[in-house]
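*Asks:* Provided below for reference: sequence and predicted model.
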Amino acid sequence: MRTRTCWNTVCTVDDLVPESGIAVWTNEGPVAVFYLPHRLPALFAISHADPFSGANVLARGITGDLGGEPIVASPLYKQHFNLKTGACLEDESVRVKTYSVLLDGNRILLETRDTHQEAVAA
Amino acid sequence: MSKKTLIVIGNGMVGHHFIEQFVASSAASDYDILVFGEEKQLAYDRVHLSEYFAGSTHADLAMGTENWYAEQGIELHLNEPVTALNRDQRTLVTPKGEYHYDELVLATGSFPFVPPIEGREHPHCFVYRTLDDLDAIRASAKEGKSGVVVGGGLLGLEAANALRSLGLQAHVVEFAPRLMPVQLDADGGALLRHKIKELGVQVHTEKATTAIVAGENARLRMNFSDDSHLETDLIVFSAGIRPQDALARASDLDVGERGGIVVSDQCTTSDPHIHAIGECALWNQRIFGLVAPGYTMARTLSSVLNGDSDAAFTGADMSTKLKLLGVDVGSIGDAQGQTPGARNIRFNDEQTGHYRRMVVSEDGKTLLGAILVGDNSYYDTLLQYALNGIALPDNPEALILPVSQGGAPALGPDALPESASICSCHNVTKGDICCAIDAGSSDLAGVKAETKASTGCGGCTALLKSVVDNELEKRGVAVSKDLCEHFPYSRQDLFHLVKVNGIRSFRTLISQHGKGHGCDICKPVVGSILATCWNEHILTTDNVPLQDTNDTFMANMQKNGTYSIVPRIPGGEITPDKLIVLGEVAKEYDLYTKITGGQRVDLFGATLSELPEIWEKLIAAGFETGHAYGKSLRTVKSCVGSTWCRYGVQDSVGMAILLENRYKGLRAPHKVKMAVSGCTRECAEAQSKDFGVIATENGWNLYVCGNGGMRPRHADLFATDLSDDELICTIDRVVMFYVRTADRLQRTSVWMENLEGGLEYLKQVVLEDSLGICAELEEHMNGIVDTYQCEWKTAVEDPGKRKRFREFVNLPEQRDPVQQWTTERGQRRPVLESV
Ligand SMILES: Cc1cc2nc3c(=O)[nH]c(=O)nc-3n(C[C@H](O)[C@H](O)[C@H](O)COP(=O)(O)OP(=O)(O)OC[C@H]3O[C@@H](n4cnc5c(N)ncnc54)[C@H](O)[C@@H]3O)c2cc1C
Ligand code: SF4
Ligand code: SF4
């Protein structure tokens, strides 16, 4: 069965911090949204949970690029995650979930599973 | 035998360099030396004059100190121009008196040429040569909106950039059809013009100014020969320089038709007792308007006066590489291709704005000259080919093609002959560098100190580094001090770049001196450097993304994503009332409470959104941030000292509080800890701290660079029996020297172990001021003390900054479900399911 998805407004442009991340709450739990103004596209979203500690902290890491790829470093144990793919640079077996994110006018839209429709269908 | 007298007229860059060379030579002891300078300041680095607008002071730019002159026994007469020479009597005249010389050196430099345009005496017309000129321009710019530079040469464009940095709309008016007519060709000039226009500087070529009159909408109006005009608030003339040969003319020395004091290969004028060096000297019908040839003349003359009959000046290379308004421009050798039979190879990419031209000999074997616009990374290699006559490869065009289109990689340092000149300012060859390394210099700084390479115009920095690294590597020394993939520099290099160039943002630094967009290694380092240099709040928009999460949220993140809070308790002294507030706040927010090793209280388990509320309460009770999250001063631990303890000889608590309040907030390469003990029993364990102070009968003993923790190190005794003021002044200097020179995350203990010359060297720098920087270090420290702000106070008062402390921006009430708690020994502690 194909998973249904939906786009929800999670915040506005004013909530973003350039070159940094913020955390939003979604129906899939906490998600970290990053804004890297020098890139195209400039928005990235990955799971807020740090897989190494279990703590919800990735939005509070330092962003940047390594080998040209956009990254965030976990603020706890400093592993790096590719913001496009979610891959952990230090440990191939670890990958955090990524989300599609869009700018619509002033609003930031995030794509998550449509849990409501799934429930109705079931 | 009585001493002879040597007089130097002109205390500019070359005059100063000559003095340095001469006093180190054996002939120095035969002479009394006098120096006359027209400017009121001691010789300064004119090449970097524009940095004065970016915040550098005369002290930063100065080439020496008055003390140094005094120590060498040199009589220094600043602000005393020489007005006449009397060659028969061998005397010279100044407004203050008449002086006898046996040998005379003219190092009078040059003066800016101001074209004879009607109205040029207007008070808002300036030239661009001295610190006084810049002071006048700055004053005039304050009230103005626009400024014009007359002259589109190298200096004119630099002046235009300076006007821009003063907030003026800048214009460049050039008589010739293109910019930099001497160094560039038509294509290069056109491209440069285009790039500079993009930066907001208006360029007007083929304009001849006929008169300067009062303006209608601005102070002045310039009328041009084509009947057009331009209004402006101030004008800077940069239409070339003329050798300052007035004294020589008036005393009938040979001068050139178009100015310049005629000199021989030995830098001697038509009078055997009078010599001339630098920009005032005319050698072989040529004037050299750059500093490197002047330095070469200075060295030659010093050897001549030491009786070296082989010493001779043989001309100099006039290649230049520079960044003008952020645009790379390079010009090498016969850039215009005037050598008969010369052939050209051009690469011109209008899309990216890169232009490169090579001028090669008729047989295609040697490089005669080159022009670069847009990317100077090709410069070093091309210059080496041109200077050393290295045979060109079969496909010479590869040297200027982008690497992606088959371009050749840069000429590796191995390909250079021993005789290759690396630093032309100080005439240092690759061979000299190898010698310095073989004699024990083990890094770039060491080689610089030993050979002086790269301490002139600085243009060879990158090349020098690659040669040094290559030679060290060959000798099996591991090098790379590169911070990370974004910056090919050490922390110390970056500090220098930020300070000297007045850089105030990460963006500017990385675009000018690095590549990419940064990472978790370089961003916090630069954040810390910016904080030390300019002391702005760490939560300004530019600074936020640079900080470690601990610095961003001004608290220490713990393993479940909550934070701990450590208010400052200076010297560990706290009133019962304040202690009660800590207890009340901890109780209200259910914070786990623990006494730290540094005599304060740590409150654990606050969520992100609770931080501002908690701090609001702590601030109301008189607490300040404790910087436990920062690479900065943590605590100054103390024992109770003479106030209570029967052995105490000084008030250790009082001193600890004084020190803690002075150094709190200072950003450093790593955390800094201090302690003060009231007597030699040392109950505060001061000798395990970065700075340990132990009371004596007569004052204080200072210990430096100790460490506890993972790698304990006993601190070194640095100075004894200091008064309160002396103690603070000494710590100021050591702290600032550490902040400026240490590597990333280097504690003082490791710093000291890596410091060449170790403790003795540090003592010389701090106690004897061997580098002449102590005043600057103290001033810097005082500036930081004066601009201290409690970061938490500023943050809670600013709604914009408070916004950052939302756990989930779209759902303020949502608690983080991962944070689960249990109780242990009567307090709350986290449970974290392992994942
Ligand atoms: C803005 C600017 C940027 C520059 N950039 C570069 C660069 O990138 N690279 C480069 O190689 N060069 C550069 N130069 C040129 C460089 O500064 C000069 O080549 C160098 O300063 C020449 O040194 P000097 O000692 O001959 O002359 P100066 O440094 O001019 O010193 C001459 C001194 O003699 C004094 N004097 C003159 N007459 C008398 C008198 N009768 N009695 C007493 N004192 C007198 C003057 O007041 C002056 O202080 C730049 C110059 C300027 C202004
Ligand atoms: S160091 Fe000296 S003054 Fe301080 S507590 Fe110990 S014995 Fe007393
Ligand atoms: S010693 Fe180790 S466990 Fe204890 S606080 Fe320091 S880093 Fe944490």
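*Replies:* Cool, the structure landed. Ligands and ions are numbered 1, 2, ... in the order given.
*Asks:* now do the contacts for residue 67.
*Replies:* Chain wasn't specified; assuming chain A. B:Glu485 (CB atoms under 8 Å, 6 or more residues apart in numbering or on different chains). The C-beta positions use only the backbone N, C-alpha and C, and glycine is treated the same way.
*Asks:* wait, I meant chain B there
*Replies:* With CB under 8 Å, 6+ apart, B:Asn67 has these contacts: B:Gly772.
*Asks:* if you set the cut-off to 7 Å instead, what comes out?
*Replies:* By CB atoms under 7 Å, 6 or more residues apart in numbering or on different chains, the contact set of B:Asn67 is empty.
*Asks:* please apply the same query to the one 5 residues further on.
*Replies:* Applying CB under 7 Å, 6+ apart to B:Gln72 gives the contacts B:Val23.
*Asks:* for chain B, what are the nearby residues on chain A?
*Replies:* For chain A, the contact set with chain B under CB under 7 Å from any CB of the partner chain comprises A:10-11, A:15, A:17-20, A:22-25, A:30, A:38, A:51, A:53-57, A:60-66, A:71, A:73, A:75-76, A:78.
*Asks:* buried ones among the residues you listed?
*Replies:* Buried by 16 or more other CB atoms under 10 Å in any protein chain shown: A:10-11, A:15, A:17, A:19-20, A:22-25, A:30, A:51, A:53-57, A:60-66, A:71, A:73, A:75-76, out of those.
*Asks:* which ones among these lie within strands?
*Replies:* A:10-11, A:20, A:22-25, A:30, A:62-66, A:71, A:73 (DSSP state E).
*Asks:* between which two of the residues you listed is the distance greatest?
*Replies:* The largest distance within these, taken as CB to CB, falls between A:Trp25 and A:Leu66 and amounts to 29.0 Å.
*Asks:* okay, A:Gly21 and ligand 1: tell me how far apart.
*Replies:* Distance, A:Gly21 to ligand 1, by CB to the nearest ligand atom, to the nearest Å: 43 Å.
*Asks:* what's the answer for B:Ser331, then?
*Replies:* Separation of B:Ser331 from ligand 1 (CB to the nearest ligand atom) stands at 12 Å.
*Asks:* what's the host helix or strand of that residue packed up against?
*Replies:* Here B:Ser331 sits within strand B:327-333, counting by DSSP states H and E. Strand B:327-333 sits against helix B:186-198, strand B:320-324, strand B:367-373, helix B:379-388, with contacts defined as 3 or more CB pairs under 7 Å, 6 or more residues apart in numbering or on different chains; DSSP states H and E.
*Asks:* out of the ones you listed, which gets nearest to chain A?
*Replies:* Minimum separation from chain A across these (CB to the nearest CB) falls at helix B:186-198, 18.4 Å.
*Asks:* what angle sits between that closest one and strand B:367-373?
*Replies:* Relative orientation of helix B:186-198 and strand B:367-373, computed by axes from the mean of the first three to the mean of the last three CA atoms, to 10 degrees: 20 degrees.
*Asks:* can you name the next helix or strand after helix B:186-198?
*Replies:* Next along from helix B:186-198, by DSSP H and E: strand B:202-204.
*Asks:* centre of the chain to the very next helix or strand once past that next one, how far?
*Replies:* Beyond strand B:202-204 in the direction of the C-terminus, DSSP H and E gives the next helix or strand as strand B:209-214. Centroid separation for strand B:209-214 versus its chain: 39 Å, with CA atoms, centre = their mean, to the nearest Å.
*Asks:* give me the helices and strands touching the very next helix or strand once past strand B:209-214, please.
*Replies:* With elements assigned by DSSP H and E, the helix or strand that comes after strand B:209-214 is strand B:220-224. Judged by 3+ CB pairs under 7 Å, 6+ apart, strand B:220-224 is in contact with strand B:209-214, strand B:229-232.
*Asks:* from A:Gly64, how far off is the closest residue to chain A within the stretch 351-500 of chain B?
*Replies:* Proximity of the stretch 351-500 of chain B to chain A (CB to the nearest CB) peaks at B:Glu485, 6.8 Å away. Distance of B:Glu485 to A:Gly64, given as CB to CB, to the nearest Å: 10 Å.
*Asks:* in three-state terms, how would B:Ala531 be classified?
*Replies:* Secondary structure state of B:Ala531, per DSSP: H, G, I helix; E, B strand; the rest coil, is helix.
*Asks:* now it. Nearest residue, chain neighbours left out?
*Replies:* B:Arg667 (3.8 Å; CB to CB, 6 or more residues apart in numbering or on different chains).
*Asks:* pretty sure the one you found sits against B:Ser528.
*Replies:* Yes. With contact defined as CB atoms under 7 Å, B:Arg667 reaches B:Ser528; the gap is 4.5 Å.
*Asks:* what's the overlap in contacts for those two?
*Replies:* Any residue near both B:Arg667 and B:Ser528 by CB under 7 Å, 6+ apart counts here, and that gives B:Lys631.
*Asks:* more neighbours: the two, which one.
*Replies:* In this view B:Arg667 and B:Ser528 are compared by other CB atoms under 10 Å in any protein chain shown, and B:Ser528 has more residues nearby, 26 against 22.
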